[in-house]
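Asker: how does the following fold in three dimensions:
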Amino acid sequence: QVHLVDSGGGLVQAGSSLRLSCAASGLAFSSFSMGWFRQAPGKEREFVATISWSGTGSYADSVKGRFTISRDNAKNTVYLQMNSLKPEDTAVYYCSAAAGPYSRGTLYREYDYNYWGQGTQVTVSS
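Answerer: Just a heads-up that it's a prediction; the model follows:
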């Protein structure tokens, strides 16, 4: 059974940094693309970043240059380093794992992912 545990959220001021973590179990982690999505109050869940099983990262335009996704296959963990946070980054952030191993292309749609973490709240005050 696949299990994803998100952590690292919190309340910070604009301009600050946070690092989110997602610990995965129950899958061959190194062969799965991983993603981060977020959902702000009253809005739909949106793509934030993804990292392929081979280590290539891709980002939403809104976070490009500020956020960095990375993975540590030895620890079965994916990270999202968030710098220069803005109030509009306030949301619940969800880690996700692709529907299958060795996915091709950039996975930026929700239906590309089968497994989800419980979410971690990030609140950025102005």
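Asker: make it CA atoms for all contacts and neighbour counts henceforth
Answerer: Noted.
Asker: how many other residues sit next to the residue lying closest to residue 18 once chain neighbours are set aside?
Answerer: In space, and not counting its chain neighbours, residue 18 is closest to residue 82: 5.2 Å by Cα to Cα, 6 or more residues apart in numbering. Other residues near residue 82 come to 20 when the count uses other Cα atoms under 10 Å.
Asker: in which helix or strand does the residue positioned nearest the centre of the chain reside?
Answerer: Note on the chain: the residue nearest the mean C-alpha position is residue 36, at 2.1 Å, using Cα atoms, centre = their mean. Counting by DSSP states H and E, the element that carries residue 36 is strand 34-39.
Asker: what's the helix or strand following that strand in contact with?
Answerer: With elements assigned by DSSP H and E, the helix or strand that comes after strand 34-39 is strand 46-51. Applying Cα atoms under 8 Å, 6 or more residues apart in numbering, the contact partners of strand 46-51 are 33-39, 57-60, 63, 69-71, 106-110.
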